[in-house]
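1. Need coordinates for the following:
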Amino acid sequence: MTHQPDSHAFGVALQPIHDAEGHHVADRLLYRHQVEAGDVPEVAVARALATAIYELDERSRLGQRDLVVDLPEEWLERPDLLPSPASQIIIGVPRRLEINDTVLERLAQVRERGYRLLIHGSSLRGNIPTLAPLANLVRLSHPDELDEDVLRALRLRGSRLFADSISDAEGLERYQQLHCHYFDGRYLAEPAFYASRPRGRHGNRAAQLRLVNELYREDVELQRLYELILQMPHLHVAVLRRANSVHFSHASGQAADLRRAIPLLGLNELRRLVMTLSLAGDLPSSKLRIRMALIRAYMCCNLAAPFQSIDPEEAFTAGLFSLMGPLLEESQEELLDELPMNESLSAALKSREGHLGALLTLAEEQEGLEAEPDERVSGDQLKRCYLEAMEQADALMSHL
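-> Numbering: from 1, shown residues only. The predicted model follows:
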């Protein structure tokens, strides 16, 4: 992600929100994009969520803070796509939402899942008996938006007041007199938008559709998920980033490879991640490059098999991630700095050091037919490992 002034580029910003004591306690997700023919609101929101939750590096992301997300009505109809963890997410309900029994039931279900609802003060007027019980927070666009009796009733219900549209010090003071709990920090500084590099929508669609299919089967096979995700580099990286985010890694430690990351996330989180990124159109890939990366990965894995001191799964990861930057059209160096890598894996990928680095070098040389056998690996072994790697990669991709 790079800071870019281009107003036509898709970009996201995390606008700070502070409490009454001035502590940075939450962020509001903002996004902008060039509207094109056929665009629907769900896609823009999905791309913003994909960037903020699944792609930004940990230093730029939320950490333990809450995230305020304004969602269109269409997203409220698909609670399985709501971002997680629910305890950190505050969902902004659309101002012009038509209130009826179906909508009220849907909002109640969202709350039951552990999400908090942020409802506009203007939406409450005329709907206090039905909406007020669902409002964890009430957004005030002006200090006089609701009268004191209504505000008192909301406080008694446990609803918190969110001060929005703060224009000056006088406005801030008036909100403070209302005992607001949250204050949008835009009055302190305009948000800095970060524009992502444009990504194609031509990804490995067959694998993507099979993955979605697999995710929603009653008898989900983790091995099958693993094989399909391997063929989508952008999703592979997103799974690792998510598994190693603060929410998932604090109790279980870091997951440096895909096999460990999938069960760590769990099926529900994988569904959210895959469906959000699919809707956002952020699964670019090249089947030729993927095949090259898989051959190298299997080659490293096969070469590691005779050595008890080398983890074959770690060798596979080294081979695969040695080409991950080119696959994603990103800086290899920046990508490796961001992802969780143990010391030996990092040394192998960055400078070809250690046992893993030696295997990776052999695999690369074999690709160019320049590998030299030695006392540890014979010429026959090199050829056999390479031919087996080609068969394994082709077998994996033939599932399509």
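
2. rest of the way, CA atoms for contacts and neighbours
-> Noted.

3. Buried residues, the helix or strand residue 106 falls within. List them.
-> Per DSSP states H and E, residue 106 falls inside helix 101-112. Across helix 101-112, burial judged by 16 or more other Cα atoms under 10 Å covers 106, 107, 108, 110, 111.

4. How about stretch 176-190?
-> Quick answer for stretch 176-190 (16+ other Cα under 10 Å): 176, 179, 180, 181, 182, 183, 184, 185, 186.

5. Let me see the ranges of the helices in the stretch 51-200 of the chain.
-> Along the stretch 51-200 of the chain, the segments classed as helices by DSSP state H, counting those that start in this stretch run 73-76, 101-112, 121-124, 128-131, 148-157, 169-177.

6. could you dump these to a markdown table with mean pLDDT and distance to residue 89?
-> Rendered in a markdown table, the data for the helices of the stretch 51-200 of the chain read as follows (pLDDT from 0 to 100; distance: least, Cα to Cα, whole Å):
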| stretch | mean pLDDT | distance to residue 89 |
| --- | --- | --- |
| helix 73-76 | 81 | 14 |
| helix 101-112 | 92 | 11 |
| helix 121-124 | 91 | 20 |
| helix 128-131 | 88 | 19 |
| helix 148-157 | 90 | 20 |
| helix 169-177 | 92 | 23 |
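
7. Point out where the chain drops to low pLDDT.
-> 1-10, 33-42, 54-63, 195-206, 209, 246-256, 279-286, 340, 370-377, 398-400 (pLDDT under 70).

8. show me what contacts the nearest residue to residue 355 once chain neighbours are set aside?
-> Of all residues not flanking residue 355 in the chain, residue 310 sits nearest, at 7.4 Å (Cα to Cα, 6 or more residues apart in numbering). Applying Cα atoms under 8 Å, 6 or more residues apart in numbering to residue 310 gives the contacts 304, 355, 356.

9. Confirm residue 276 sits in a helix?
-> Yes: looking at residue 276 with DSSP: H, G, I helix; E, B strand; the rest coil, it is inside a helix.

10. Farthest pair within the buried residues of stretch 176-190?
-> Using Cα to Cα, those span at most 18.9 Å, a distance reached by 179 and 186.

11. phi, psi of the residue nearest to residue 355?
-> Backbone torsions of residue 310, given as degrees, to the nearest 10, read phi -110, psi 120.

12. Now, the buried residues of stretch 176-190 that are in strands?
-> Taking DSSP state E, the ones among the buried residues of stretch 176-190 that sit in strands are 182, 183, 184.

13. wait, the second one sits on residue 20?
-> Yes: under the criterion of Cα atoms under 8 Å, residue 183 makes contact with residue 20 at 7.4 Å.

14. ok, back up a step: what are the C-alpha coordinates of the helix holding residue 106, in PDB please?
-> Extracted C-alpha coordinates of helix 101-112, given in PDB (Å, rounded to 0.1, in the frame of the first residue of the first chain):
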ATOM      1  CA  ASP A 101     -40.300  -6.200  10.900                       C
ATOM      2  CA  THR A 102     -37.800  -7.900   8.500                       C
ATOM      3  CA  VAL A 103     -35.200  -5.200   9.000                       C
ATOM      4  CA  LEU A 104     -35.600  -5.200  12.800                       C
ATOM      5  CA  GLU A 105     -35.300  -9.000  12.900                       C
ATOM      6  CA  ARG A 106     -32.100  -8.800  10.800                       C
ATOM      7  CA  LEU A 107     -30.600  -6.100  13.000                       C
ATOM      8  CA  ALA A 108     -31.400  -8.200  16.100                       C
ATOM      9  CA  GLN A 109     -29.700 -11.200  14.600                       C
ATOM     10  CA  VAL A 110     -26.600  -9.100  13.900                       C
ATOM     11  CA  ARG A 111     -26.500  -8.000  17.500                       C
ATOM     12  CA  GLU A 112     -26.900 -11.600  18.700                       C
END
